[in-house]
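**Student:** Provide a 3D model corresponding to the input given below.
(2 chains)
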Amino acid sequence: MNRPRGRAALLPGLWLAIFFALPFLLVLRLSLSDTALAIPPYAPQIDWSQGLAGLKAFFAGLDLEKYRQLGEDRLYLDAYLSSLRFAAAGTGLALLVGYPMAYGMARCRPGLRSLLLMLVILPFWTSFLIRVYAWIGILKPQGLLNAFLGLLGLEPLTLLYTPTAVQIGLVYSYLPFMVLPLYAALERQDQTLLEAAADLGASPLKSFWQVTFPLSLPGVIAGCLLCFIPMVGEFVIPDLLGGPGSLMIGRSIWMEFFANRDWPFASAVAVVLLVTLIAPILLYQRQQAKALEAAT
Amino acid sequence: MVLAATALALTACGGGDKVSTLRIYNWSDYIDPALLEEFTQETGIKVVYDTFDSNEVLETKVLTGGTGYDIIVPSNHNVSRYIAASALSPLDFDKLPGRKNLWPDLMTRMEPFDPGGKFTIPYMWGTVGIGFNKAEIAKRLPGVAIDSWDVVLKPENLARLKDCGVYFLDAPEDMFAVTLNYMGKDPNSKVVADYVAATALLQSLRPYVTKFHSSEYVNALANGDACIAIGYSGDILQARDRAVEAKNGVEIDYVIPREGSQVWFDVFAIPADAPNKAAAYSFLEFMMRPKVIARATNFTQYANANLAATPLVDESVRNNPNVYPTPEVFGRLFVTTTKDQDLVRDVNRLWTRVMTGR
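**Tutor:** Sure thing, here's the model as predicted:
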């Protein structure tokens, strides 16, 4: 029983090694190098012509200087914290919007369900970039939203290039990642449990909190992590919708990489970001493993 | 039958290989597309044209190596770094007889960056200045002449423009040079303390800035989302033309402030690893023809560096002192010199502080 399972694990293991471990090691190595004015713009390079001596010289040239710089400058800590705040608020809002959506979908008749599911996925058919650009058209001073508010006789709002716009963009873009796992968890729930709760005298609200919600918890956790992790590192949304005040770590990495041409430093920032994200990723994995065990 | 088809397919493939392709990486909205078509018609060289909107993106790509581009268009103050990194291919002057048309005065100004013009051919040049919506500014700053950096770099003035949209360039080197010059300091200062002082001034302006961006202000000015911008001369004149075309009642103007400003040059260069250098030379020669480069200027609204072409440029462009400055204004323009890596890092770090207010 054990052997086939071991062999089946080979493929994901290989996938992880090629697409995660190897790039990560490359970035880690880069973060220990120094900036240089050359192609490519960092040193040392491995001088293979020198054989083992070249390799030795290469490792001798590595140090932790970039990480020291990172620790000395408050800006990066601020950027990490600000990204975590944006992502946490975005995830919370996506859950608030997504849960009723998924709940409604799961309680529909099956024919309508697949149509609604389709509608949730439909936005993916257009480019992510175009959808974010569309929000510029909606939120800008003379945009759709303010035209609508004008019709109602309300004051126009200044939203574009504010942190609020970034928050809206985050929630909008990642909402399907919240709705889909929630829907999956809610849809397979046994309806007879609710009947039993009602028979035992629970009000609909009480049976929701004591039966439906706890049973949907794996979906809640999966949805939250699927939103939170990519939101922290988001670059496009703050760049297009955010203003001067919306500091996020994705932008800091861009800045180091492009404006400062400091690839080692950008790599160090990225490594630290990954390390901060490992906790939620591990949490996700443990939860997935638990769900798998429960299913089998 | 099958044989014939195979033969046909083979010849088709063979023919495909022979078509020479030139890959150009240039700034956005920076060439008349008709000129590229003409170049292809004349030489049979297919053009692949990609665009970028900041020197930072260009330099990072080129320094990664293997971009596959044959022509790139960096700005003067970055050129020395490209040369130091051996990223550019030295030009073979024998293949470029059109160089004789280049403007000697401008070539002198390029000397500090590319001595002897060994690596680059200037394409367009322009200034950093103020673009503004005439009606909106007149409403908010009545009686104020828009001819000084005071309009955008004095907090009490900018505060009154906040509601109609303020755009600053997201280009640390250009923005600091202009700010230092306004403060009466050396725009090419090597002293970090000067940049710290400029940061304090820029930070006091930040609350009134809608967005820091190096290209979005063109559309924003044209459609009325912005009423004032610090930007590049030709971009702002393009915004003016787009507003005229759209007939939306927006009237844009550009001014080089009287305190003086930065003059910059965008130059053609061939990357050291360019796959098709022969095509790159044909293109450089083509672009140095006075008739061709004059049309390029009519399109971009930037002055070119080709003296023989000046009389061929549209009168409205040639006689506009904001495009072809008078000698008196030209005397007040300065170039930004190349900074060393440590200063670049400090300057960019301070710029992040300006943008985020931290």
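**Student:** ok, now how distant is B:Leu35 from B:Cys164?
**Tutor:** Per C-beta to C-beta, to the nearest Å, B:Leu35 is found 36 Å from B:Cys164. Yep, even glycine has a C-beta here, placed from its N, CA and C like the rest.
**Student:** same drill for the two, tell me which one is more crowded.
**Tutor:** Looking at B:Leu35 and B:Cys164 with other C-beta atoms under 10 Å in any protein chain shown, you find the greater number of neighbours at B:Cys164, namely 20 against 17.
**Student:** neighbours of the closest residue in space to the more buried one that isn't next to it in sequence, how many?
**Tutor:** Distances taken as C-beta to C-beta, 6 or more residues apart in numbering or on different chains put B:Cys227 closest to B:Cys164, at 3.7 Å, once the chain neighbours are dropped. Neighbour count for B:Cys227, taken as other C-beta under 10 Å: 26.
**Student:** so B:Cys227 makes contact with B:Tyr167?
**Tutor:** No - using C-beta atoms under 8 Å, B:Cys227 makes no contact with B:Tyr167, being 9.4 Å away.
**Student:** now do the shared contacts for the two.
**Tutor:** Listed as contacting both B:Cys227 and B:Tyr167 by C-beta atoms under 8 Å, 6 or more residues apart in numbering or on different chains are B:Leu221.
**Student:** coming back round to it: contacts only, for the residue nearest to B:Cys164.
**Tutor:** Contacts of B:Cys227 (C-beta under 8 Å, 6+ apart): B:132-133, B:136-137, B:140, B:161, B:164-166, B:221.
**Student:** closest to B:Asp147 out of those residues?
**Tutor:** The closest of these to B:Asp147 turns out to be B:Phe132 (C-beta to C-beta; 11.1 Å).
**Student:** can you say which helix or strand has that closest one in it?
**Tutor:** Assigning secondary structure by DSSP states H and E places B:Phe132 in strand B:120-133.
**Student:** sheet-wise, list the partners of that strand with their directions.
**Tutor:** strand B:228-232 (antiparallel), strand B:252-255 (antiparallel), strand B:261-269 (antiparallel), strand B:303-304 (antiparallel) (DSSP bridges).
**Student:** got the contacts of B:Cys227 as a markdown table, with pLDDT and secondary structure columns?
**Tutor:** A markdown table is the format used below for the contacts of B:Cys227 (pLDDT from 0 to 100; DSSP: H, G, I helix; E, B strand; the rest coil):
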| residue | pLDDT | secondary structure |
| --- | --- | --- |
| B:Phe132 | 96 | strand |
| B:Asn133 | 96 | strand |
| B:Glu136 | 94 | helix |
| B:Ile137 | 94 | helix |
| B:Arg140 | 93 | helix |
| B:Leu161 | 94 | coil |
| B:Cys164 | 91 | helix |
| B:Gly165 | 92 | coil |
| B:Val166 | 95 | strand |
| B:Leu221 | 95 | helix |
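**Student:** what is the most widely separated pair among those?
**Tutor:** So, the contacts of B:Cys227 by C-beta to C-beta: farthest apart are B:Arg140 and B:Leu221, at 15.4 Å.
**Student:** more neighbours: which of the two?
**Tutor:** Using other C-beta under 10 Å, the more surrounded residue of B:Arg140 and B:Leu221 is B:Leu221, with 29 against 18.
**Student:** verify the stated contact: that one with B:Ile252.
**Tutor:** Yes - B:Leu221 lies in contact with B:Ile252 (C-beta under 8 Å); the separation is 5.3 Å.
**Student:** can you pull out the helices in the stretch 101-250 of chain B?
**Tutor:** B:104-110, B:134-140, B:150-153, B:155-159, B:172-182, B:192-205, B:216-222, B:233-246 (DSSP state H, counting those that start in this stretch).
**Student:** check contacts around B:Lys95.
**Tutor:** Contacts of B:Lys95 by C-beta under 8 Å, 6+ apart are B:281, B:285.
**Student:** need phi/psi at it.
**Tutor:** phi -90, psi 0 (degrees, to the nearest 10).
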